[in-house]
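J.: any chance you can model this:
(one chain, ligands or ions: 1)
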Amino acid sequence: MSIDQVLVAGSGAMGSQIAMVAALAGCTVTVYDVDAARVEQARQHLLERMDAQVTKGRRTREAVDAAFQRLTATTSLADAGAVDLVIEAIVERLPAKRELFAELDGLCPARTVFASNSSSFVPSSMATATTRADRFLNLHFFNPALVMPCVEVVRGPDTASPVVEACLAFVERIGKTAVVLDKEIPGFVANRLLGAVRDEALRLLEGGYADVEAIDTAARTALGYPMGPFELMDLTGIDIGYLTKTARFEVTGDAADAPSRTVSALVEQGHLGRKTGRGFYTYGPSGDRTGVTDLADLKGQH
Ligand SMILES: NC(=O)c1ccc[n+]([C@@H]2O[C@H](COP(=O)([O-])OP(=O)(O)OC[C@H]3O[C@@H](n4cnc5c(N)ncnc54)[C@H](O)[C@@H]3O)[C@@H](O)[C@H]2O)c1
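T.: Numbering: from 1, shown residues only. Below is the predicted model:
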């Protein structure tokens, strides 16, 4: 089972870059999106990214031009189904993903493998919308997909081994590093590890053991992390982690899955990190860090 023809559904932040990575590796790629403006925006963004890489000498003009020749876009799913692999990277809403996979199930030949790039929905939650649970898995890329090497290959309960093998060969072909999950679990591996560090950092902070700067400094200088957990939450947006934990808590009812009181207080007061100028730290108009938020004061207001 060889993967040469790929359909990427969704041309947003992830889909556009996944499509480019596959086209650069020699695959024939179609990108499908419901929104023609998003497709055009993605094309412009990719052209600029690739031009910059050619200018810096990281890729040749010939290789980039050949990749763009292999990359086409459509807003009509009907033209796009005859492929070896579908990688779905549309909006993170389960009903939308199930609806798309059900439609693709009717359009694609029996050989087509279905993969979702979802960060939170496990394969079985989507595979049941199709008649091919044995050919369904998650291929979870990291942002930015053009740069980050890891792809989590997540087996559902019914995923057939030859399908996993074919996807491992595909991941290798596109120059990425595969991490196989033998059983599905929400959050997969990397984001669960990240979450565990973040949760422990919040426990240490809320227990009064160390402050934000001390914990971030330990992560950087003792563990070699590029940034501390509070710096990272400020960068990615405190609301993102809050929403992920709230959604998981709604499913499990486990108090350990609920957002921490500090994160909840920051989100309720609109302090979402760098994008609002204040999170665990404060930032000036040009984005430079100006200080540390007084969390005692914050709880007082709460
Ligand atoms: N952003 C990240 O850091 C990240 C990392 C890993 C995985 N993911 C996952 O990737 C997926 C996409 O995330 P994103 O950040 O690229 O989102 P995005 O909002 O940038 O892009 C989503 C795209 O899907 C399109 N779309 C929506 N509904 C559609 C439909 N029914 N059919 C076809 N196209 C449709 C939208 O027009 C949009 O262009 C999500 O499942 C997310 O969990 C995101």
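
J.: isn't Ile215 up against Phe230?
T.: Yes. The pair Ile215 / Phe230 is scored as a contact, 6.6 Å apart, by CB atoms under 8 Å. C-beta coordinates here come from the backbone N, C-alpha and C atoms, glycine included.

J.: between those two, which has more neighbouring residues?
T.: Phe230 (26 against 22; other CB atoms under 10 Å).

J.: for the more buried one, what are its contacts?
T.: By CB atoms under 8 Å, 6 or more residues apart in numbering, the residues touching Phe230 are 201, 205, 212, 215-216, 279-281.

J.: swap the cut-off to 6 Å and go again
T.: 212, 216, 280 (CB atoms under 6 Å, 6 or more residues apart in numbering).

J.: for the one residue in the stretch 1-150 of the chain that gets nearest to the ligand, report the pLDDT, please.
T.: The stretch 1-150 of the chain approaches the ligand most closely through Gly12 (1.8 Å), counting by CB to the nearest ligand atom. pLDDT recorded at Gly12 is 94.

J.: now the one 10 residues further on
T.: Per-residue pLDDT puts Ala22 at 98.

J.: which SS class is it?
T.: What DSSP: H, G, I helix; E, B strand; the rest coil gives for Ala22 is helix.

J.: in which helix or strand would I find Ile240?
T.: If you go by DSSP states H and E, Ile240 is part of helix 238-252.

J.: let me see the domain layout of this structure.
T.: 5-181, 190-297 (automatic domain parsing).

J.: just these: most buried one?
T.: Using mean count of other CB atoms under 10 Å, the stretch among those with the largest mean neighbour count is domain 5-181, at a mean of 18.

J.: how long is that domain end to end?
T.: 25 Å (CA to CA, to the nearest Å).

J.: now it, how far from the chain's geometric center?
T.: 12 Å (CA atoms, centre = their mean, to the nearest Å).

J.: near the ligand at all, the helix or strand hosting Ala42?
T.: For Ala42, the element it lies in under DSSP H and E is helix 36-55. Yes. Helix 36-55 reaches the ligand (CB under 6 Å from any ligand atom) through Arg38.

J.: list the helices and strands that helix packs on?
T.: Helix 36-55 makes packing contacts with helix 13-24, helix 61-69 when contacts are defined by 3 or more CB pairs under 6 Å, 6 or more residues apart in numbering; DSSP states H and E.

J.: what's the following helix or strand after the longest one?
T.: Remark: after helix 13-24, the chain's next helix or strand is strand 28-32, criterion DSSP H and E.

J.: residues in contact with that next one?
T.: Against strand 28-32 from outside (CB under 6 Å, 6+ apart): 5-9, 11, 19, 22-23, 70-74, 77, 80.

J.: this protein against the ligand: which residues are in contact?
T.: So the chain meets the ligand at 9-15, 32-35, 38, 89-92, 96, 100, 117-119, 141-143 (CB under 6 Å from any ligand atom).

J.: mind doing that once more with 8 Å?
T.: Counting by CB under 8 Å from any ligand atom, the chain comes close to the ligand at 9-16, 32-35, 38-39, 42, 77, 88-93, 96-97, 99-100, 116-121, 140-143, 145.

J.: re earlier: nearest to Thr128, out of the helices and strands packed on helix 36-55?
T.: Thr128 lies closest to helix 13-24 among these, at 23.0 Å (CB to CB).

J.: what angle separates the closest one from strand 28-32?
T.: Counting by axes from the mean of the first three to the mean of the last three CA atoms, to 10 degrees, helix 13-24 lies at 160 degrees to strand 28-32.

J.: same for helix 13-24, what does it pack against?
T.: strand 5-9, strand 28-32, helix 36-55.

J.: Val86 pairs with what?
T.: On the basis of DSSP bridges, Val86 is bridged to Leu7, Phe114.

J.: any idea how far it is from Thr130?
T.: Relative to Thr130, Val86 is positioned 10 Å away (CB to CB, to the nearest Å).

J.: quick one, phi psi at Ala258?
T.: phi -80, psi 150 (degrees, to the nearest 10).
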